[in-house]
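Peer 1: Give the three-dimensional model of this entry:
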Amino acid sequence: MDAIVLLKEDHKAVRKLFRDFEAAGEGAAATKNRLVKEILEALTVHTYIENEVMYPRVRELVPDVDADVLESYEEHHVADVLCSELAMMSPQDERFDAKTTVLIESVSHHMEEEEKEWFPKVRAALGRKELQEIGAALLEAKEKAPRTPAHPRALKKAVDALFA
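Peer 2: Model prediction:
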């Protein structure tokens, strides 16, 4: 499968979870809790495969998008922090809905940038075969991807190691 098609399918599934959370309304703590768990898993897997496969490969093959990739790493970091904090919360926490809303807004902005700006540049620069090879690597990475967000201290160590 083409890497960009696969990532857009992930985006579509995440957007649906976002809409479902927003539609849940007040007093739907159990539904919101379930949806946030699904959102956290989907985003944890998605950011993992992009960080581990897509971004390094694209940086190597399409140097013109290096600044876009670096920005995406930072946007993922923000999402990872929010996800790890949400994983330790319950719907009864005063800031649960607010933190989820900030996560939704941040990730929605990131997905829109990728789809409208970054993906077209990558598609123009890479051939079908390369995108399919990256897509296969993404699918393989999905199998071993973590399903739950890292604890905030583990995130800090990982980020420090990444940029050491």
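
Peer 1: Residue 146 and residue 86, how far apart?
Peer 2: Relative to residue 86, residue 146 is positioned 15 Å away (C-beta to C-beta, to the nearest Å). Backbone N, C-alpha and C define where each C-beta goes, glycine included.

Peer 1: Please identify which of those two sits among more neighbours.
Peer 2: Neighbour count, other C-beta atoms under 10 Å: between residue 146 and residue 86, residue 86 has more, with 22 against 11.

Peer 1: thinking that one is in contact with residue 102, fair?
Peer 2: No: with contact defined as C-beta atoms under 8 Å, residue 86 does not count as touching residue 102 (9.8 Å).

Peer 1: ok, residue 64 - how many residues close by?
Peer 2: When neighbours are counted by other C-beta under 10 Å, residue 64 registers 11.

Peer 1: list the contacts for it?
Peer 2: 121, 125 (C-beta atoms under 8 Å, 6 or more residues apart in numbering).

Peer 1: Helix, strand or coil: sort out it for me.
Peer 2: Recorded secondary structure, residue 64: helix (DSSP: H, G, I helix; E, B strand; the rest coil).

Peer 1: any idea of the mean pLDDT in whatever helix or strand residue 121 lives in?
Peer 2: Assessed by DSSP states H and E, residue 121 sits inside helix 119-125. For helix 119-125, the mean pLDDT works out to 96.

Peer 1: and it, how far from the chain's centre?
Peer 2: A distance of 19 Å separates the centroid of the chain from that of helix 119-125, by C-alpha atoms, centre = their mean, to the nearest Å.
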